[in-house]
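In: Sharing a sequence plus its predicted fold:
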Amino acid sequence: MRKIKNVGVIGAGLMGHALTLVHAIGGCQIKMQDISSRQLSIGMDLIENALDTLISAAVVSEKDRAKILERIQPVEKLEEAVMDADLVVEAVVENVEVKTKIFSEIDKAADLDIIIASNTSNLDIFPLVPERRLKNCLIAHWYTPPYIIDLVDLAAGPKTDPALLKVMEDFYLKIGKKPVLFEKFISGYVANRLQAAMGLEITKLLDEGWATPSAIDDSVKYGLALRMALMGSLMKADFTGLDMMQRGMANRTYDPPIPKGNSPTLDELIKSGRGGVMSGAGYFDYGDLSASELFKNRDIGLLRLKTEVAQIEGKYPLGKKT
């Protein structure tokens, strides 16, 4: 059985710093690489902030804080991050040219038997990877923030060693994550596809003026999300009754939205500087709270919800899943 102890994380941005923390909490030695020393510093600050939140929620023990941080070494040179790694996690921007360059640099610097895992959301990265690396290459796609959200999509390429999926599944199960396996790459996996379909419907409602952002998010939070957190989607349908689902499909009087490449509502928000939490406003205004405060509040809320759902599932089981 292949052992994964040393991990190189390429990129210290939104996902890179978070995946560094995930693997450090899991007991790995990490070298987090970024060509920007400033981004490395920001990444380390974000790691410490997230770790403080996990400790305050009793997910991580205070006595383990120093130990976890000692496992993380920020480095600027990619060669240094990968030269002694068992696993390299690629977490750079979703751009073909950038990823191709990174895979080429990994190929030049790393041992031939290392595992390469890309955190790509939609790109088919396998044509971008050097031929001799494909056997030990797969996708390990995460959802933000990955130190709280446990889902990780594991997808094989056409030349990936089938045993590698099992190795990675066992590795992530061991550190408390929930891997979903795909024997071949499917753009968007499951969660991203569902989220994208929902996003198209939401965009249509906004662009056509049928609903406000508050009405949409209240419908999700107080209608969909509460049930889905406990049952998922298909088990929820079982509880509703599949005949009801069948009648609903037959009686629908509107057409699902067709992707058209842009949204006037979204375009106008971005044009006016409302890019989301990082800029202080998006669909909603976030007042005087800083991005780090907002992320911390989000993380605390998710942790409490996650704990409650786990306790409810344990106390009130809903049956076996097939």
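Out: Yep, it's here.

In: The closest residue to Ile202 other than its chain neighbours: what's it in contact with?
Out: Closest residue to Ile202 in three dimensions, ignoring its sequence neighbours and counting by CB to CB, 6 or more residues apart in numbering: Ile216, at 5.6 Å. Every residue, glycine included, has its C-beta placed from N, CA and C. Neighbouring residues of Ile216 by CB atoms under 8 Å, 6 or more residues apart in numbering: Ile202, Leu205, Leu206.

In: Spell out, range by range, the strands that occur in the stretch 101-250 of the chain.
Out: Counting by DSSP state E, counting those that start in this stretch, the segments of the stretch 101-250 of the chain that form strands are 115-118, 137-142, 151-156, 178-182.

In: pLDDT of the shortest one, averaged?
Out: Spelled out, that is strand 115-118. The average pLDDT for strand 115-118 rounds to 98.

In: and if you look at stretch 272-284?
Out: The average pLDDT within stretch 272-284 is 92.

In: Show the end-to-end separation of it, please.
Out: The straight-line separation of the ends of stretch 272-284 (CA to CA, to the nearest Å) is 13 Å.

In: same check, this time on stretch 57-74
Out: With CA to CA as the measure, the first residue of stretch 57-74 is 26 Å from its last.

In: Tell me which residues of the helix or strand where Glu313 lies come out buried.
Out: Taking DSSP states H and E as the criterion, the element that holds Glu313 is helix 291-315. Residues of helix 291-315 classed as buried: Leu294, Phe295, Lys296, Asp299, Leu303, Lys306 (neighbour count, 16 or more other CB atoms under 10 Å).

In: Enumerate every residue touching the last one.
Out: By CB under 8 Å, 6+ apart, Lys306 lies in contact with Ile148.

In: what about Val89, how many neighbours?
Out: By other CB atoms under 10 Å, 26 other residues sit near Val89.

In: Surely it forms part of a strand?
Out: Yes - judged by DSSP: H, G, I helix; E, B strand; the rest coil, Val89 forms part of a strand.

In: what's the spacing between it and Ile106?
Out: Counting by CB to CB, to the nearest Å, the gap between Val89 and Ile106 amounts to 11 Å.

In: give me the number of residues near Gln246?
Out: Other residues lying near Gln246 total 10 when counted by other CB under 10 Å.

In: List only buried entries from the contacts of Ile216.
Out: The neighbour-count test (16+ other CB under 10 Å) applied to the contacts of Ile216 identifies Ile202, Leu205, Leu206 as buried.

In: JSON lines please, covering those and showing pLDDT.
Out: Putting these into JSON lines (pLDDT from 0 to 100) gives the following:
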{"residue": "Ile202", "pLDDT": "95"}
{"residue": "Leu205", "pLDDT": "94"}
{"residue": "Leu206", "pLDDT": "94"}
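
In: Pipe those residues into TSV and attach distance to Asn136 per row.
Out: Output for the buried ones among the contacts of Ile216, formatted as TSV (distance: CB to CB, whole Å):
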residue	distance to Asn136
Ile202	39
Leu205	45
Leu206	44
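
In: tell me how far the helix holding Glu313 is from the chain's mean position?
Out: Distance of helix 291-315 from its chain centroid, counting by CA atoms, centre = their mean, to the nearest Å, is 16 Å.

In: Specify which member of the contacts of Ile216 is nearest to Met231.
Out: Taking CB to CB as the measure, Met231 sits nearest to Ile202 out of the contacts of Ile216, at 21.8 Å.

In: mind checking how far that closest one is from Leu138?
Out: With CB to CB as the criterion, Ile202 and Leu138 are 32 Å apart.

In: Asp243: neighbour count?
Out: Other residues near Asp243 number 8, with proximity taken as other CB under 10 Å.
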